[in-house]
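**Q** Using only what follows, build the 3D model:
(2 chains)
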Amino acid sequence: DAGVIQSPRHEVTEMGQEVTLRCKPISGHNSLFWYRQTMMRGLELLIYFNNNVPIDDSGMPEDRFSAKMPNASFSTLKIQPSEPRDSAVYFCASSLNTDKYFGPGTRLTVT
Amino acid sequence: SQQGEEDPQALSIQEGENATMNCSYKTSINNLQWYRQNSGRGLVHLILIRSNEREKHSGRLRVTLDTSKKSSSLLITASRAADTASYFCATEWNEKLTFGTGTRLTIIP
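**A** From the prediction side, this is the model:
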């Protein structure tokens, strides 16, 4: 298995632009998580899905952030409009039971 | 918000020595997990200890859990240069994983 796949690996965009991050979980996993990592705040859970349904989005910072999981093999995290303070590494993780497997992350820079 | 606090924030030891990292948390947990993150990379799951367990071993790793003190420790024995990384504890409750602040471990060859 290729593990959790995230794209793009790096994204540089200007403030105000829309950004879409993508994640392909490990086949057969039924839970998917989006995390954000910054120096100031560490690793924060943004949202997680179980069987493609959003279970807890209390970590989503504000309405500019939205996440979807249209099917079991794909999820997106969208930021519209982006701001410099959104600069971070965004990780996607998937799990079947307890063990969570993280993707390599997307490093987002908003200028 | 982050639940776990880890200490030390940074640790440098000679290769071959043992490294101990501590983690404290504040609320109820189903289990506690430790992850490693190499610079610029994703997180790798190392070991999980359930709330009804007190100690667990995996290779050179030993994890303890004291739920009365809400604390855990990770011991890496006979450290190697390749162990240089950041180590995070994470508490799980109802599938939500909350990470600590991390310990930056440097192994000096």
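**Q** Show the contacting residues for the residue in chain B positioned nearest to chain A.
**A** In chain B, no residue comes nearer to chain A than B:Phe99, which is 3.9 Å away by C-beta to the nearest C-beta. Just so you know, the C-beta spots here come from the backbone N, C-alpha and C atoms, and that holds for glycine as well. By C-beta atoms under 8 Å, 6 or more residues apart in numbering or on different chains, B:Phe99 lies in contact with A:35, A:42-44, B:2, B:4, B:35, B:88-90.
**Q** List only buried entries from these.
**A** A:35, A:42-44, B:2, B:4, B:35, B:88-90 (16 or more other C-beta atoms under 10 Å in any protein chain shown).
**Q** Next, count neighbours for A:Phe91.
**A** By other C-beta atoms under 10 Å in any protein chain shown, 25 other residues sit near A:Phe91.
**Q** no no, A:Phe102
**A** 23.
**Q** can you check the one 4 residues further on too?
**A** Number of residues near A:Thr106 (other C-beta under 10 Å) recorded here: 22.
**Q** hey, what's it bridged with?
**A** A:Tyr90 (DSSP bridges).
**Q** and chain B, which of its residues are near chain A?
**A** With C-beta under 8 Å from any C-beta of the partner chain as the criterion, chain B comes near chain A at residues B:2, B:31, B:33, B:35, B:41-45, B:48, B:88, B:90, B:92, B:95-102.
**Q** Scan the helices and strands of chain A for the one with the lowest mean pLDDT.
**A** strand A:100-102 (a mean of 92; mean pLDDT, DSSP states H and E).
**Q** follow-up on the earlier one: relative to B:Ala82, which of the contacts of B:Phe99 is nearest.
**A** B:Tyr35 (15.9 Å; C-beta to C-beta).
**Q** And the strands in chain A?
**A** Taking DSSP state E as the test, the strands found in chain A are A:5-7, A:10-13, A:19-24, A:31-38, A:42-50, A:53-56, A:65-71, A:74-79, A:88-95, A:100-102, A:106-110.
**Q** same thing with chain B?
**A** B:5-7, B:10-14, B:19-24, B:31-37, B:43-50, B:55-58, B:61-66, B:71-76, B:85-93, B:96-99, B:103-108.
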